[in-house]
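Engineer: no FASTA, just this:
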């Protein structure tokens with residue numbers, strides 16, 4: 001397990017960890033891929049922590065202050081505790097699996113602790129796939145085969161649609177969603193296209209919900 005500092009502050013500064021390849025080809029932490037294949041590798045607490053950190057970066061792209069004890073309680077992990085607490089172990093697992101890293105100087109006693117976090121999760125490597133149950137290994141093999149058959153542009157479109165819809169569900173407007181997709185290096189034409197798709201689906205879902213409530 002990666003050694004972690006004992007934080008002397010009540011907050012942890014979260015910053016984005018840009019990576020052109022993983023930001024383009026990786027998976028949103030709230031995606032089916034992560035929930036299906038990464039969950040058993042990271043564990044549920046670390047997976048939920050990753051989702052929460054990335055949601056925070058969507059709201060504050062340049063970074064934000066994470067309240068440690070409050071976040072631990074919200075995730076059902078008790079309080080912040082010491083470096084061996086469940087919450088701190090979850091942070092350690094993010095670092096261990098290269099989904100986050102402690103920036104230089106962040107372990108200095110009394111200094112502001114800084115954790116750089118990836119906004120996307122890479123596909124599992126071969127060693128990680130071999131740790132999955134046999135049924136999931138086969139499912140992952142079929143998924144990879146499907147990815148090979150699907151052109152890269154279509155893969156990006158599908159992921160962009162999922163991301164756009166997720167952002168609308170979080171309350172973002174059309175302009176904010178398109179701007180965020182551009183930050184994630186989507187081509188302007190595709191960003192506009194998937195934003196329109198996500199907005200149409202979101203409005204339809206809201207309308208259906210309103211109709212069901214009225215009935």
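Structural biologist: Okay, I see it. Since the structure is predicted, the reported quantities are computational estimates derived from the model, not experimental observations.
Engineer: next structured bit after the helix or strand of the chain with the lowest mean pLDDT?
Structural biologist: Least confident helix or strand of the chain, by mean pLDDT, DSSP states H and E, is helix 20-25 with a mean of 80. Counting by DSSP states H and E, the next helix or strand C-terminal to helix 20-25 is helix 32-33.
Engineer: check the offset of that next one from the chain's centre.
Structural biologist: 11 Å (CA atoms, centre = their mean, to the nearest Å).
Engineer: tell me the buried residues in the helix or strand following that helix?
Structural biologist: Scanning forward in sequence from helix 32-33 by DSSP H and E, the next helix or strand is helix 39-42. Neighbour counts over helix 39-42 (16 or more other CB atoms under 10 Å) mark 41, 42 as buried. C-beta coordinates here come from the backbone N, C-alpha and C atoms, glycine included.
Engineer: which helices and strands does helix 39-42 pack with?
Structural biologist: Using 3 or more CB pairs under 8 Å, 6 or more residues apart in numbering; DSSP states H and E as the contact test, no helix or strand touches helix 39-42.
Engineer: flag every buried residue along the next helix or strand after it.
Structural biologist: As assigned by DSSP H and E, the chain's next helix or strand after helix 39-42 is helix 44-59. For helix 44-59, burial by neighbour count (16+ other CB under 10 Å) applies to 45, 46, 47, 48, 49, 50, 51, 53, 54, 56, 57, 58.
Engineer: could you dump those residues into JSON lines and include pLDDT and distance to residue 89?
Structural biologist: Below are those laid out as JSON lines (pLDDT from 0 to 100; distance: CB to CB, whole Å):
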{"residue": "45", "pLDDT": "94", "distance to residue 89": "8"}
{"residue": "46", "pLDDT": "96", "distance to residue 89": "8"}
{"residue": "47", "pLDDT": "96", "distance to residue 89": "13"}
{"residue": "48", "pLDDT": "95", "distance to residue 89": "13"}
{"residue": "49", "pLDDT": "96", "distance to residue 89": "10"}
{"residue": "50", "pLDDT": "96", "distance to residue 89": "14"}
{"residue": "51", "pLDDT": "94", "distance to residue 89": "17"}
{"residue": "53", "pLDDT": "96", "distance to residue 89": "15"}
{"residue": "54", "pLDDT": "93", "distance to residue 89": "19"}
{"residue": "56", "pLDDT": "92", "distance to residue 89": "20"}
{"residue": "57", "pLDDT": "91", "distance to residue 89": "22"}
{"residue": "58", "pLDDT": "85", "distance to residue 89": "25"}
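Engineer: so what does the lengthiest helix in the chain touch, helix or strand wise?
Structural biologist: Secondary structure assigned by DSSP state H gives helix 188-214 as the longest helix of the chain. Judged by 3+ CB pairs under 8 Å, 6+ apart, helix 188-214 is in contact with helix 152-169, helix 174-183.
Engineer: worst average pLDDT in those helices?
Structural biologist: The minimum mean pLDDT among those belongs to helix 152-169 (a mean of 83).
Engineer: following the strand or helix carrying residue 71, which helix or strand comes up?
Structural biologist: Here residue 71 sits within helix 68-74, counting by DSSP H and E. Sequence-wise, the next helix or strand downstream of helix 68-74 (DSSP H and E) is helix 86-96.
Engineer: who are the packing partners of that next one?
Structural biologist: Partner elements for helix 86-96 (3+ CB pairs under 8 Å, 6+ apart): helix 44-59, helix 68-74, strand 100-102, strand 114-117.
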